[in-house]
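Student: mind folding the following:
(one chain, ligands or ions: 1)
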Amino acid sequence: MNQIQENLRRVQERIARAAERAGRTPESVELVAVTKTVPPEQINQAIQAGVTIIGENRVQEARQKKPEVLPVTWHMIGVLQTNKVKYAVQLFEMIQSVDRMPLALEIEKRCARENKVMPILVEVNTSGETSKSGCLPEEAPELIAQIAELKYLKIQGLMTVGLFSDDEKLVRPCFARLRNLAEKIRAMHLNNVRMDILSMGMSSDFEWAIEEGSTMVRIGTAIFGPRHYT
Ligand SMILES: *Cc1c(COP(=O)(O)O)cnc(C)c1O
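Tutor: Model (predicted):
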């Protein structure tokens, strides 16, 4: 087994155990392997070892790598500029980082041209850190109600990045906040809105996220090792 396969097995094992602690099945948590800065050869090793979804943060990087990557589902998880949307709707099967109406409208416009429906998650800033993207929790219901009116976007759930901290008492409330918000939105019974996916949890905090109800974890470092930015 190579290092990536070994890391992946360990991550899958930890996901399964966290799910069991939460009284859920391992299959109830999907794994998105986060491949930003990771070269195609290593991404392909992960795919050969069983990864079925990868997450990228940058449109440009995804465009460059995609021809060399084995067939797999691509999710956009990073900040998306409006002028990159036309490429994003071609590259990705899901956009997890929709956090403002102008972006949603641009996705609608580009998807209408391609006659393609785009599953999306609404990204919420649950940590209160000003450096983080995502709409504020109190803005989310109105934003979601507006996006629900669009024909080519399908809201599947919510996404968040937890507080950058190794203190469980500070990080877990971010995930609980996202879960509670999803429940509140579910209770609004909006047409065209599903709250099936809670995308939360990264290498440093995915077990806490799963215990708080995560259905999708986004993990890079724990699979591929530390990132080397160029
Ligand atoms: C980079 C990134 C991740 C993965 O982070 P790791 O700590 O490497 O697991 C997850 N989500 C988003 C939005 C990211 O940008």
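Student: so what's the residue count around N44?
Tutor: Burial of N44 is recorded as 16 neighbouring residues (other Cβ atoms under 10 Å). Quick note: C-beta positions are derived from backbone N, CA and C, even for glycine.
Student: actually, I185.
Tutor: For I185, using other Cβ under 10 Å, the count is 22.
Student: and the spatially closest residue to E30 that is not a sequence neighbour, what is it in contact with?
Tutor: Distance criterion Cβ to Cβ, 6 or more residues apart in numbering; nearest residue to E30, sequence neighbours excluded, is M216 at 4.6 Å. Residues near M216 by Cβ atoms under 8 Å, 6 or more residues apart in numbering: V29, E30, L31, V32, G157, I197, L198, S199, M200.
Student: go on, D166?
Tutor: Residues near D166 by Cβ under 8 Å, 6+ apart: S204.
Student: thought R14 was touching D205?
Tutor: No: in this structure, R14 is not within contact of D205 by Cβ atoms under 8 Å, at 11.7 Å.
Student: what strand or helix carries A182?
Tutor: Element membership for A182 (DSSP states H and E) is helix 168-186.
Student: mean confidence score for that helix?
Tutor: Averaged across helix 168-186, pLDDT comes to 98.
Student: and that helix, what does it pack onto?
Tutor: With contacts taken as 3 or more Cβ pairs under 8 Å, 6 or more residues apart in numbering; DSSP states H and E, helix 168-186 sits against helix 140-147, strand 153-159, strand 193-199, helix 206-211.
Student: one more pass at 10 Å, please.
Tutor: strand 118-123, helix 140-147, strand 153-159, strand 193-199, helix 206-211 (3 or more Cβ pairs under 10 Å, 6 or more residues apart in numbering; DSSP states H and E).
Student: relative to strand 193-199, how tilted is the third one?
Tutor: To tie it back to what came earlier, the one meant is strand 153-159. Strand 153-159 and strand 193-199 are oriented at 40 degrees to each other (axes from the mean of the first three to the mean of the last three Cα atoms, to 10 degrees).
Student: surely V69 is in contact with I47?
Tutor: Yes: counting by Cβ atoms under 10 Å, V69 does reach I47; the two are 7.3 Å apart.
Student: got any residues that touch both of those two?
Tutor: T35, P40, I54 (Cβ atoms under 10 Å, 6 or more residues apart in numbering).
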